[in-house]
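Colleague: Below: sequence and its predicted model.
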Amino acid sequence: MRPCGLTPVKGNWLKPSPLQHTAAMPCGGCEAYAWCRGNCMKNLYLGYVKNDLRYRAGVVEPICGLLRFIGREVDRHDPQAWFARLPLPQRRQVTDCEVYEYVEVMP
Ligand code: SF4
């Protein structure tokens, strides 16, 4: 026992997660990848590694379609133009807030 009461780590016994991107997943050519980044790895794993076609068609593909739709809708409303129209104090509020540096879309 060390004086601080902590036991040192002796080894990493954790197995590598099976939830990793593979070539079987459709994310590489996906228009949503910039904001999605293959976010729901559990769904992708079940749909494309475990090859659960029912789950893929009923869950994974609708979610991916929704993410692509959201991206197109955001672009269609031109958020840069919206931002440019804001009064300076509100623009500063947006740019100075760390929360706005990362947005996670969870359908
Ligand atoms: S929307 Fe689907 S296919 Fe596209 S990057 Fe996200 S998880 Fe991958």
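Modeller: Ah, there it is.
Colleague: In space, what's closest to residue 24 - neighbours in sequence excluded?
Modeller: Of all residues not flanking residue 24 in the chain, residue 48 sits nearest, at 4.5 Å (C-beta to C-beta, 6 or more residues apart in numbering). From N, CA and C alone the C-beta is placed, and that goes for glycine too.
Colleague: Residue 26 is in contact with residue 48, correct?
Modeller: Yes: in terms of C-beta atoms under 8 Å, residue 48 counts as a neighbour of residue 26; the distance is 7.4 Å.
Colleague: In terms of pLDDT, where does the residue most central in space within the chain sit?
Modeller: Nearest to the mean C-alpha position of the chain, counting by C-alpha atoms, centre = their mean, stands residue 39 at 3.2 Å. In this model, residue 39 is scored at 80, pLDDT.
Colleague: same thing with residue 98?
Modeller: Predicted confidence (pLDDT) for residue 98: 76.
Colleague: That one - how many residues pack around it?
Modeller: For residue 98, the neighbour count with other C-beta atoms under 10 Å is 6.
Colleague: one step back: report the separation between the residue nearest to residue 24 and residue 74.
Modeller: Distance, residue 48 to residue 74, using C-beta to C-beta, to the nearest Å: 26 Å.
Colleague: In terms of neighbours, single out the busier of the two.
Modeller: Set residue 48 next to residue 74 and count neighbours by other C-beta under 10 Å: residue 48 wins out with 20 against 13.
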